[in-house]
Structures are given as C-alpha cells and as structure tokens.
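S.K.: compute the structure for the input listed below.
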Amino acid sequence: MISMGDEVARIIGGQGIPAQYEQLSTLAFVEACAHETMRLKPVAPLQMIQAARDSVVAGIKVPAGQLVMLLMRPAATDEGNFPRAL
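M.R.: Have a look, this model is predicted:
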C-alpha cells in the first residue's frame, strides 16, 4: 500500500522542499488525502449564504434575500452521496 511519505520520496526525493511547482501537481495521493480530510473535517463546517433569487431547494421555498445556513458535514458523510462515507 502506498503512503503519502512514499509518494513524496518518489517524486521529490531527499530534497525536502520541491525544486519546482510542477512536482507538487504530481502528488496525486497526497492531494486525494487532503480532499478526503477536508470532506470529513471541513475547514468551514458551517456556511451562511444568501439566496440571490427565489429558489426551491429540496422542496423548500427560499425567497430572494433569505439567509440560509449550510452544514457541510452531513452531506459529506451521507452514504447516498459517497459510498462507504465513513
């Protein structure tokens, strides 16, 4: 099984700091781990947005100008959105 350390060692080697920005874009496993971490522990777990126009979300009418609070974690851990969500 690959680890982030293995991937960094293979691509960057013993330099410690990437010599070129392009090297960072090839760290696919490191990037996938960062995305998965942010899915499970979002940096902004709660977001406030304001409806720009009258809308209907999941059958709920949201009038223009209405503030809506979004909880990010429930959707990210819902089996309907992600297989084996946890």
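S.K.: CA atoms for contacts and neighbours, from now on please.
M.R.: Will do.
S.K.: and the helices in this protein?
M.R.: Along the chain, counting by DSSP state H, helices occupy 4-12, 21-24, 28-40, 72-76.
S.K.: which of the ones you listed sits closest to Ser55?
M.R.: helix 72-76 (19.7 Å; C-alpha to C-alpha).
S.K.: Throw the helices of the chain into a markdown table and include mean pLDDT and distance to Ile60, thanks.
M.R.: What follows is those, written out as a markdown table (pLDDT from 0 to 100; distance: least, C-alpha to C-alpha, whole Å):
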| stretch | mean pLDDT | distance to Ile60 |
| --- | --- | --- |
| helix 4-12 | 88 | 43 |
| helix 21-24 | 82 | 43 |
| helix 28-40 | 93 | 25 |
| helix 72-76 | 89 | 17 |
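S.K.: among these, which comes closest to Asp54?
M.R.: Closest approach to Asp54 among those (C-alpha to C-alpha): helix 72-76, 22.2 Å.
S.K.: for that closest one, buried residues please.
M.R.: Using 16 or more other C-alpha atoms under 10 Å as the test for burial, helix 72-76 gives Met72, Arg73, Ala76.
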